[in-house]
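>>> missing the sequence, but the structure's below:
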């Protein structure tokens, strides 16, 4: 299907009236297409609440030009979010060839994105995805150093569990939800690069969410092979159960 028809599909299949599109599946980001996309979403009685943005430049690279390219790339998606009336984006912290994750450089880079997001009324979120460049505790250090209401955490229920044990996952969810604002990713499992499956304790994850009085969106992310409709419906029902 075309991306602009996705919101109507989600309403029809799941009775959910918000979507979080992924940047690689945008066929275009020119103003004409974004106008069409926004009108289609509005016609479906829906809205875009976050854009999951995948970048190609490292925010903590030693090379200043690489960091500057990251700022530019993320700001371009902040513009897209503004055009679609999305309150936020999620940007990846990308790895660097010749550097380990560096809090100072990453914070300096992302502070510029937060400053631009403030001008556009778009929050920038950071997700615990890549186990090295997006370690949840590294993300928390970066967010605390930037200290801006426009740079927040996006807790993903499954990503840290795929790379670590359950005790690490519990600490990660607590740390991330302490800095969360607009969106989190709900999963009941994850499969690592070797095909090993892990199971998310949803009760624990939602307990962390409630502990920190999180009021943002819960984005349902079914991330496994096979028909996604029944598992997605089950995740929606579980989310409603644990939030009630």
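Yep, that arrived. Fair warning: this is a prediction, and the values are worked out from it, not measured in the lab.

>>> kindly list the longest helix within this protein.
Ranked by number of residues, the top helix in the chain under DSSP state H is helix 64-83.

>>> now it: buried residues?
Residues 66-67, 69-71, 73-75, 77-83 are the ones in helix 64-83 that count as buried (16 or more other C-beta atoms under 10 Å). All C-beta atoms are positioned from the backbone trio N, CA, C, and that covers glycine.

>>> wait, which of those is closest to residue 39?
Distance to residue 39, by C-beta to C-beta, is smallest for residue 83 among the buried residues of helix 64-83, at 11.6 Å.

>>> look up the closest residue to that closest one, ignoring the ones flanking it.
residue 34 (4.4 Å; C-beta to C-beta, 6 or more residues apart in numbering).

>>> that neighbour is in contact with residue 79, isn't it?
No. At 9.2 Å, residue 34 does not count as touching residue 79 under the criterion of C-beta atoms under 8 Å.

>>> would you map the strands across the protein?
18-19, 47-48, 51-53, 88-91, 123-127, 151-154, 183-186, 189-191, 197-199, 217-220 (DSSP state E).

>>> mean pLDDT lowest where, among those?
Mean pLDDT is lowest for strand 189-191 among these, at a mean of 76.

>>> and that strand, which strands flank it?
strand 197-199 (antiparallel) (DSSP bridges).

>>> so what touches the strand it pairs with?
With contact meaning C-beta atoms under 8 Å, 6 or more residues apart in numbering, strand 197-199 is reached by 158, 161-162, 188-192, 224.

>>> quick check, central residue of this structure?
Central residue of the chain (C-alpha atoms, centre = their mean): residue 90, 4.1 Å from the mean position.

>>> contacting residues for it?
Going by C-beta under 8 Å, 6+ apart, residue 90 touches 50-53, 124-127, 154, 183.

>>> write down the beta-bridge partners of it, one by one.
Beta-bridge partners, per DSSP bridges, of residue 90: residue 52, residue 125.

>>> re the thing from before, out of the contacts of strand 197-199, give me the one that has the most neighbours.
residue 161 (25 neighbours; other C-beta atoms under 10 Å).

>>> coming back round to it: let's have the contacts of strand 197-199 in a markdown table, adding distance to residue 44.
Conversion of those to a markdown table gives the following (distance: C-beta to C-beta, whole Å):
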| residue | distance to residue 44 |
| --- | --- |
| 158 | 28 |
| 161 | 33 |
| 162 | 33 |
| 188 | 27 |
| 189 | 29 |
| 190 | 30 |
| 191 | 31 |
| 192 | 35 |
| 224 | 26 |
